[in-house]
Structure formats: C-alpha cells, structure tokens
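Peer 1: coords please:
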Amino acid sequence: MRRLERVCWSIVVASLGCASSTPSFADGARARTLGIPFDGTPGRFNAITDIQGVTVGYTTLIEGAGKQAVRTGVTAILPRGKATTMKPVFAGVFSLNGNGEMTGAHWIEESGFLEGPVLVTNTHSVGVVRDAAIQWRVKQGEPDASGYWWSLPVVAETWDGDLNDINGFHVKTEHVFAALDNAHDGAIEEGNVGGGTGMTCHEFKCGTGTSSRVVKIDERDYHLGVLVQANYGVRSELRIAGVPVGKVLQNDLTRSEPKDVGSIIIVIATDAPLLPTQLKRLARRASLGLARNGSYSGDGSGDIFIAFSTANEAANQVATTSITALGNEQMDPLFLATVQAVEESIINAMIAAETMTGYDGHKAVAIDHRALLKLLKEHKALLENKPEKKSAH
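Peer 2: You can find the predicted model right below:
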C-alpha cells in the first residue's frame with residue numbers, strides 16, 4: 001500500500017521537506033532496496049553527493065488545493081559547497097532536445113567553466129530564480145576572482161503546470177536563498193521534493209532522483225554522480241530493468257493519446273579530472289541512460305544535460321595554472337557509469353514519489369510498488385537477495 005499523500009497547508013522553506021513521511025534513504029524507498037537490479041557499483045550514498053564537496057539543497061512548496069494548489073520548488077546543486085562562488089569548475093552542456101531552458105549555457109560552451117551553482121525549478125520561475133541566484137552571490141560578501149560580482153547563473157526547468165498553479169509565480173527569492181543556504185552533503189531526499197515536487201514521468205508521479213557510481217581507472221577510484229529532475233515520457237514506453245512494464249501498468253491512465261511533452265534536466269558530477277570538451281562528451285551519454293528507461297525525446301520534451309568536474313581546483317579564468325586530465329581513451333568507464341547512474345536516478349525518482357493531487361484537482365498516481373515487483377518477478381528481473389536497508393546517517 002502506498003503512503004498517504006503528503007499535504008502541507010503552509011509554505012515550506014526547508015532543505016529536508018515538510019514532514020517525516022517524506023521518502024528518504026532511511027525509509028528504504030529506493031529502487032535497489034526493493035530488489036530492482038542495476039549494473040555498476042554505487043558510492044556510499046548512491047547519490048550525487050558521493051562526489052566530495054558537492055552539496056544539494058531543496059525548497060519544497062506544497063500549499064492549498066484546486067486552482068490555488070502550489071506544488072513546486074527549487075533544487076540547488078553546489079559543485080564545491082560553500083566554496084562554489086569563488087572556485088569555478090570545468091563543465092560541459094548538451095541539449096538532446098531543446099524544448100526547454102538552461103540559462104548560462106552559452107558561457108559554459110564558450111569558456112568551459114561553471115562559475116556557480118546549478119538551480120532547477122519550474123518553467124515559469126526561471127527568471128526569479130536566476131535573479132535570486134545573482135542576489136545570493138552578491139550577499140556572500142566577496143567579488144568573484146576577476147574582482148566583480150559578475151554572474152550568468154545556470155538555472156534549468158521542467159513544466160509542473162498540471163499539478164502546480166504555475167502562473168501564480170509562487171517561487172520567490174527567499175525560496176532560492178533557502179535551497180542554497182541549506183545545501184548539504186550525505187544522503188538527500190528524492191521524489192516530491194525541490195524543483196521536482198510537481199513533476200511526473202512516464203505518466204507516473206516522479207520528480208527528483210539521484211544515483212552514483214565508483215569506477216576504477218589506472219588503479220585509482222573515481223566517483224560519478226547524477227541528479228535528475230524527471231518530467232518526461234509516455235507510459236507505454238516505460239522500461240525498468242529492461243522489462244516493458246509500462247505496457248502492463250496502465251490501470252490508472254485516462255489519456256487516450258498521450259504525447260511525450262515533458263522534459264528532464266540531468267546534472268552529472270565527477271571527481272575525475274576532465275576537460276570541458278570531455279565533460280560535454282560525458283553529458284551526451286546521459287541520453288543513453290534516458291533511453292534505457294523508454295524515452296525517445298519527443299518534440300515537446302526539453303532534455304538538457306550538464307556535467308562538471310570537481311578536479312583541478314586551482315583552475316580559473318584569470319591566471320595561468322597547471323591542470324591534469326584523463327586521456328580520451330580512459331573515459332569509457334565514465335561513459336558507462338553515466339548511463340548506469342542516469343538510468344537508476346530516474347527510477348529512484350519514480351519509486352520515491354508519492355501520489356499527488358494538485359492544480360484544479362489533477363492527480364498524478366505513484367507507481368504501485370507491489371504491482372511493479374510482481375511484474376519484474378514474473379520476468380525474472382528481481383534480485384534474489386535484496387540489499388539491506390541502511391540508515392541515511
């Protein structure tokens with residue numbers, strides 16, 4: 001039986017959600033804990049925060065009902081935690097289908113640097129989140145390395161208008177500040193949190209998901225982590241662990257001619273020393289992990305990906321520095337890890353999400369864990385021995 005829907009009748013501004021019933025790692029509401037198999041070796045938290053220095057913060061807004069339903073939020077990813085504003089990271093971006101937005105992408109393409117956090121929200125809140133990110137940067141008290149509070153923030157979006165009063169413009173400056181200020185490492189929440197609060201994927205309730213991998217290159221371990229805001233796809237194409245479950249799990253559907261009109265934002269982080277051109281190559285591989293779960297990147301889908309590396313901490317744009325980088329021929333394990341972690345992050349978002357009723361009574365139903373596991377078992381696609389539940393702390 002699914003948990004009761006979480007409803008908060010006041011605006012929530014917090015990094016850890018609004019109620020203890022929100023799914024977390026400690027609750028075990030993750031794909032692996034249910035016995036769903038994935039390839040590759042995850043990091044300690046199986047999250048983007050397995051990359052040292054990376055922190056994640058949320059503001060989750062759930063309020064009201066009917067045409068006043070607020071079901072939205074903000075997700076903040078800080079590549080170097082508190083040092084993010086002073087120490088840029090090498091980065092690369094890739095758009096699989098451009099029916100969406102990621103501000104700041106042109107400068108990343110030009111310079112190869114990501115010079116602040118990555119923020120993700122709903123489509124009509126990109127402007128306020130971008131402006132708030134600049135204000136937050138100025139509030140830190142020091143100019144950037146060039147001597148100016150100059151900023152082209154990276155803010156991406158997916159559409160939550162089916163569940164959220166998106167034209168009510170409920171995301172405010174203080175919500176962005178809260179997500180940034182409360183960002184932390186370690187275990188992070190998934191499902192109906194942050195920018196993913198009002199999102200769906202494959203016509204199930206979905207939202208925010210994460211996963212990580214540990215790869216060995218030349219006898220050294222590197223980490224790669226992914227965070228997704230998933231809001232894409234049609235039910236009939238959904239595959240989990242290679243099983244076409246979406247063709248069977250259709251009892252809740254009411255739409256006769258669904259279209260892939262959603263979007264997905266994928267953020268990839270690694271501690272492997274990679275150059276911007278290599279990070280763009282890495283970002284492209286997110287497409288393959290997305291495809292494993294049944295996306296064909298429809299015309300109405302905004303599928304935009306960013307990858308960054310926390311290595312080469314001394315690299316900046318105003319001084320000569322020495323950097324290190326893997327060779328291109330050493331990147332295959334990272335390519336594979338990206339595909340694996342993207343695949344798992346999306347399913348984690350779907351497994352953690354809870355049924356939600358939102359704008360004008362629209363309802364997004366969470367995937368039925370029991371029905372899913374029964375189907376996977378019939379296809380011999382479940383692990384015989386489920387991983388033990390581990391505390392988030």
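Peer 1: Please count neighbours and contacts with C-alpha atoms only from this point.
Peer 2: Will do.
Peer 1: Can you tell me how far the residue in the chain sticking out farthest from the centre is from Ala314?
Peer 2: Most distant from the centre of the chain: Thr320, at 33.8 Å, with distances by CA atoms, centre = their mean. For Thr320, the distance to Ala314 equals 10 Å [CA to CA, to the nearest Å].
Peer 1: Ile134 too?
Peer 2: 23 Å.
Peer 1: who's more crowded, the two?
Peer 2: Ile134 (16 against 13; other CA atoms under 10 Å).
Peer 1: which residue sits closest to the more buried one, ignoring its sequence neighbours?
Peer 2: Distance criterion CA to CA, 6 or more residues apart in numbering; nearest residue to Ile134, sequence neighbours excluded, is Ser151 at 6.3 Å.
Peer 1: Next: Glu384.
Peer 2: Spatial nearest neighbour of Glu384, excluding adjacent residues (CA to CA, 6+ apart): Gly35 at 7.4 Å.
Peer 1: what about the one you found, distance to Lys374?
Peer 2: Going from Gly35 to Lys374 by CA to CA gives 11 Å.
Peer 1: next one: Gly168
Peer 2: 41 Å.
Peer 1: Repeat that for Ala307.
Peer 2: With CA to CA as the criterion, Ala307 and Lys374 are 36 Å apart.
Peer 1: ok, the two, which is more surrounded?
Peer 2: Neighbours were tallied for Ala307 and for Lys374 using other CA under 10 Å; the higher tally belongs to Ala307 (29 against 13).
Peer 1: Now do the SS call for the more buried one.
Peer 2: Secondary structure state of Ala307, per DSSP: H, G, I helix; E, B strand; the rest coil, is strand.
Peer 1: Show me the helices in the chain, by range?
Peer 2: Counting by DSSP state H, the chain has helices at residues 105-111, 126-139, 173-181, 276-292, 332-352, 369-378.
Peer 1: Could you tell me how far the second one lies from the centre of the chain?
Peer 2: The one in question is helix 126-139. The chain centroid and the centroid of helix 126-139 are separated by 20 Å, computed with CA atoms, centre = their mean, to the nearest Å.
Peer 1: Helix 173-181 and that one, what's the angle between them?
Peer 2: Orientation of helix 126-139 against helix 173-181 (axes from the mean of the first three to the mean of the last three CA atoms, to 10 degrees) gives an angle of 60 degrees.
Peer 1: cool, and the longest one?
Peer 2: Here helix 332-352 runs at an angle of 130 degrees relative to helix 173-181 (the same axes, to 10 degrees).
Peer 1: Output helix 332-352 as PDB, restricted to C-alpha atoms.
Peer 2: Output for helix 332-352, consisting of C-alpha atoms alone and laid out as PDB, is shown next (Å, rounded to 0.1, in the frame of the first residue of the first chain):
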ATOM      1  CA  ASP A 332      34.900   4.500 -21.300                       C
ATOM      2  CA  PRO A 333      34.300   3.600 -17.600                       C
ATOM      3  CA  LEU A 334      32.900   7.100 -17.000                       C
ATOM      4  CA  PHE A 335      30.700   6.900 -20.100                       C
ATOM      5  CA  LEU A 336      29.300   3.600 -18.800                       C
ATOM      6  CA  ALA A 337      28.900   4.900 -15.300                       C
ATOM      7  CA  THR A 338      26.900   7.900 -16.600                       C
ATOM      8  CA  VAL A 339      24.500   5.700 -18.500                       C
ATOM      9  CA  GLN A 340      24.000   3.500 -15.400                       C
ATOM     10  CA  ALA A 341      23.600   6.300 -13.000                       C
ATOM     11  CA  VAL A 342      21.100   8.200 -15.200                       C
ATOM     12  CA  GLU A 343      19.000   5.100 -15.600                       C
ATOM     13  CA  GLU A 344      18.900   4.400 -11.800                       C
ATOM     14  CA  SER A 345      18.300   8.100 -10.900                       C
ATOM     15  CA  ILE A 346      15.100   8.300 -12.900                       C
ATOM     16  CA  ILE A 347      13.800   5.100 -11.400                       C
ATOM     17  CA  ASN A 348      14.700   6.200  -7.900                       C
ATOM     18  CA  ALA A 349      12.700   9.400  -8.500                       C
ATOM     19  CA  MET A 350       9.700   7.400  -9.600                       C
ATOM     20  CA  ILE A 351      10.000   4.900  -6.700                       C
ATOM     21  CA  ALA A 352      10.300   7.600  -4.100                       C
END
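Peer 1: buried ones in that helix?
Peer 2: Neighbour counts over helix 332-352 (16 or more other CA atoms under 10 Å) mark 333-352 as buried.
Peer 1: what does stretch 103-119 contact?
Peer 2: With CA atoms under 8 Å, 6 or more residues apart in numbering as the test, stretch 103-119 has contacts from 74-79, 84-93, 129-130, 151-156, 275-277, 308.
Peer 1: Can you give me the buried ones in stretch 275-293?
Peer 2: Going by neighbour count (16+ other CA under 10 Å), the buried part of stretch 275-293 is 275-293.
Peer 1: and the longest strand for the chain?
Peer 2: Across the chain, the longest stretch assigned as strand under DSSP state E is strand 220-231.
Peer 1: From the centroid of the protein, which residue is nearest?
Peer 2: Val228 (2.1 Å).
Peer 1: how about the nearest residue to that one once chain neighbours are set aside, what does it touch?
Peer 2: Leaving aside its sequence neighbours, Val228 sits nearest to Ile266 (CA to CA, 6+ apart; 4.6 Å). By CA under 8 Å, 6+ apart, Ile266 lies in contact with 226-229, 286, 303-306, 342.
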